[in-house]
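Enquirer: Just to be clear, the model below is a prediction. Sequence and coordinates:
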Amino acid sequence: MIEAGPKEACGVYGVWTHAQEKVDVARLAFFALYALQHRGQESAGIATSDGRTARQHKGMGLVAQVFNEANLRPLTGHLAIGHNRYSTTGNSVAANAQPHLIETIHGPLAVSHNGNLTNTDALRRALLQRGVGLISTTDSEVITQMLAAPPPGGEPNGPEWGKRIQAFMAAAEGAYSLVILTHDAIYAVRDPRGLRPLCIGELVSRSGRKVGWTVASESCALATVGARFLREVAPGEIIRLDRNGVQASQGAPVAARRGMCIFEYVYFARPDSVLEGQTVHEVRQRLGARLAEEAPVDADVVIGVPDSATPAAIGYTLASGIPYSEGLIKNRYIGRTFIEPTERLRQSSVSLKYNPLRANLEGKRVVLVDDSIVRGNTAGPLVQLLREGGAREVHVRVSSPPVRHPCFMGIDMATHEELIAFRMRVPAIQHHIGADSLAYISHAGMVAAVGPQAPTGQASTPHCAACFDGDYPLDVTAQLKVRSRRKCAFDD
C-alpha cells in the first residue's frame with residue numbers, strides 16, 4: 001500500500017489440547033500471533049487456562065515487544081486464546097487490549113474479537129442499566145459481559161455456553177469473528193454475514209496422533225504452528241473445541257445478504273493465506289492482470305509497492321508483457337507507516353521505509369502498481385521518491401477501485417472526509433500525487449478477479465465492497481448520521 005493504509009480490526013487465535021500431551025499452548029499462541037502481526041500492531045495478549053485457573057499477559061506494542069520468556073512461562077494450561085489489536089472502536093490504551101478476561105461463577109471467561117459491532121451503544125447501555133460495570137471503551141468488553149450472563153430461561157443444569165452465544169448472536173449486529181475461552185473448551189464464532197475470516201486447524205504429533213485443535217483469523221497462522229488446515233468457520237456457525245474434538249452448530253441463520261470483506265483479498269490478508277478455498281496471492285495476481293487489461297500504459301518496467309502490492313504487480317507484468325523489476329527496497333525494520341500518529345510523521349517516514357533502486361529506475365517509464373489508495377497522505381512523496389531515483393515517468397495503477405465510503409465493520413475508515421477519492425475525482429488525485437497517469441481497476445473487474453471462481457452455472461460467493469460502492473450489507477444509517485458528510489466529488 002502506497003500510503004498510511006487503513007487499520008484492520010484484529011487477529012484472533014485459539015487452541016485446545018489434551019492436557020496429557022503437555023503442549024506449550026502459550027508458545028503456540030505467541031507464534032500464531034506473530035504470523036498474524038499484520039492484522040494488528042497496537043497491542044497483543046494471550047490468556048491460558050488449565051481448566052481451573054486462567055492466566056493472562058497483554059500489553060501495548062508488537063507481539064515480540066509484549067512477550068518474552070519471563071512472561072510466557074507463567075501462562076500454563078492446555079487451552080489458550082490470543083489477540084492482536086488495532087483500535088477501530090475504543091482508544092489506543094492498555095485497558096482496551098485483548099483478550100478480555102473475567103471470572104464468572106462457572107470459571108474463567110476470555111474473549112478475543114475481530115470486527116466491529118454496529119449496535120454497540122445500545123448493547124452497552126443495556127449492560128449499564130443492568131448494573132454491569134465496564135472498564136474499557138471497546139465493543140469487545142461488551143461482548144464478554146453479554147456472554148457472562150445466563151441465557152433467557154436460566155441454566156438449571158450448569159453453564160450452557162452455546163445458548164449464551166446464541167443469545168448474543170440474536171442481539172448483536174455487525175461484524176464479529178470471536179474466539180472464546182471457558183474452563184473446558186474453546187469456541188469459535190462467526191457472524192451470520194461472514195464479514196471477517198476465521199478458520200479451523202488440527203494439531204497432530206510427529207507420530208500422527210491428534211493432540212488438539214486450533215482456530216485463527218487466517219490459515220497462515222495454522223501453518224506457522226504446524227496445524228493442518230481443516231476448513232473455514234461458516235457464517236453464523238459456532239464451533240466448540242474440547243476433548244470430543246470439533247463440534248459444529250448453527251448459532252444464527254446465515255444472513256440473506258452475506259459476504260466477507262473484499263478488502264481481505266485486496267490488502268489485509270497475508271498472501272499465503274487461503275480464503276474461500278483460494279490463495280490470496282493468486283487472487284492478487286488476477287487483480288493485477290485485470291488491471292493491465294483495463295488500464296494499459298506504454299512503459300519500460302513494472303514495479304510494485306512492497307510487499308502487499310507485489311502479487312498484483314506480477315499479475316500486471318504477466319498480462320502486459322512489460323518486464324517486472326524491483327524499484328523500491330523496503331527497510332524491513334521500519335514499522336508500517338500508518339502506525340505513526342500524525343500526517344507529517346507519516347509523510348516523512350516514506351523515505352525511512354523505502355529506498356529507490358536507481359539502477360532499475362534511471363531513465364525508465366515506470367508503472368507503479370499498488371493495491372489501494374485510501375487517504376492519499378503519502379502517495380505523492382512516494383512518487384517523488386521514484387523520480388528522485390531517476391524515473392522519467394511514473395504511472396500509478398491501483399488494483400482496487402477508489403475507496404469512497406467509510407467502513408463500520410472493523411476497518412478504521414470512519415469518515416467520508418478522510419477518503420481522498422470521496423473529495424476528489426481521479427484526475428485531481430493524479431495531480432495531487434504528481435503521477436504522469438493514474439488508473440484504478442473497475443469495480444466489476446475487481447469482483448470478477450476476486451471470485452472465488454465458481455463452477456460453471458453456479459454463482460460466486462458475494463463479498464462486502466461497501467467501502468468502494470457504498471452498498472452496505474446491513475443498516476448503518478445511525479453511523480452515517482453521526483459522521484459529517486460533505487458533497488462527494490462524484491455527486492451530481
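Expert: Sure, I can see it.
Enquirer: neighbours of Asn331, just the number please.
Expert: By the measure other C-beta atoms under 10 Å, the count of residues near Asn331 is 12. Backbone N, C-alpha and C define where each C-beta goes, glycine included.
Enquirer: The residue nearest to it when sequence neighbours are not counted: neighbouring residues, count only.
Expert: Spatial nearest neighbour of Asn331, chain neighbours left out: Lys353 (5.8 Å); criterion: C-beta to C-beta, 6 or more residues apart in numbering. Residue neighbour count, defined by other C-beta under 10 Å, stands at 21 for Lys353.
Enquirer: got a list of contacts for stretch 143-153?
Expert: Stretch 143-153 has contacts (C-beta atoms under 8 Å, 6 or more residues apart in numbering) with 100, 102, 104, 109-111, 113, 117, 123, 127, 130, 132, 134, 159-161, 163-168, 171-172, 176, 178, 180.
Enquirer: Any quick ChimeraX command for the buried ones out of those?
Expert: Applying 16 or more other C-beta atoms under 10 Å to those, the buried members can be selected in ChimeraX as follows:
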select :100,109,110,111,113,117,123,127,159,160,161,164,165,166,167,168,172,176,178,180
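Enquirer: In strands, which of the contacts of stretch 143-153 appear?
Expert: Taking DSSP state E, the ones among the contacts of stretch 143-153 that sit in strands are His100, Ile102, Thr104, Leu109, Ala110, Val111, His113, Leu117, Tyr176, Leu178, Ile180.
Enquirer: and of those, the nearest to Tyr86?
Expert: Tyr86 has its nearest neighbour among the ones in strands among the contacts of stretch 143-153 in His113, at 11.9 Å by C-beta to C-beta.
Enquirer: From His100, how far off is that closest one?
Expert: For His113, the distance to His100 equals 8 Å [C-beta to C-beta, to the nearest Å].
Enquirer: next one: Ile81
Expert: In this view, Ile81 and His100 are 10 Å apart by C-beta to C-beta.
Enquirer: what's the overlap in contacts for the two?
Expert: Taking C-beta under 8 Å, 6+ apart as the criterion, Ile81 and His100 both touch Ala110, Val111.
Enquirer: hang on, isn't the residue nearest to Asn331 packed against Lys330?
Expert: Yes - using C-beta atoms under 8 Å, Lys353 is in contact with Lys330, at 6.5 Å.
Enquirer: Strands of the stretch 201-350 of the chain, start to end?
Expert: 210-216, 227-232, 237-242, 245-250, 260-261, 274-275, 278-279, 301-304, 328-330 (DSSP state E, counting those that start in this stretch).
Enquirer: Ala312 is in contact with Arg284, correct?
Expert: Yes - counting by C-beta under 8 Å, Ala312 is a contact partner of Arg284 at 4.9 Å.
Enquirer: Looking at those two, which is more packed in?
Expert: Ala312 (33 against 28).
Enquirer: can you pull out the helices in the stretch 251-400 of the chain?
Expert: 263, 280-294, 310-320, 343-348, 350-353, 358-361, 379-388 (DSSP state H, counting those that start in this stretch).
Enquirer: on that earlier part again, now the ones in strands among the contacts of stretch 143-153 as a markdown table including distance to Val215?
Expert: Formatted as a markdown table, those follow (distance: C-beta to C-beta, whole Å):
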| residue | distance to Val215 |
| --- | --- |
| His100 | 17 |
| Ile102 | 21 |
| Thr104 | 22 |
| Leu109 | 17 |
| Ala110 | 14 |
| Val111 | 13 |
| His113 | 13 |
| Leu117 | 20 |
| Tyr176 | 14 |
| Leu178 | 10 |
| Ile180 | 10 |
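Enquirer: Just flag the most distant two among those residues.
Expert: Thr104 and Leu117 (21.2 Å).
Enquirer: how close does the residue of the chain positioned farthest from its centre get to Ile238?
Expert: Largest separation from the mean C-alpha position in the chain: Pro156, at 39.1 Å (C-alpha atoms, centre = their mean). Pro156 sits 21 Å away from Ile238, going by C-beta to C-beta.
Enquirer: can I see the domain layout of this protein?
Expert: 10-258, 274-481 (automatic domain parsing).
Enquirer: closest one to Phe268 among those?
Expert: domain 10-258 (6.7 Å).
Enquirer: How far away from the center of its chain is that closest one?
Expert: 15 Å (C-alpha atoms, centre = their mean, to the nearest Å).
Enquirer: quick one: low-confidence parts of the stretch 351-492 of the chain?
Expert: The model of the stretch 351-492 of the chain has pLDDT under 70 over residues 412-414, 452-461, 481-492.
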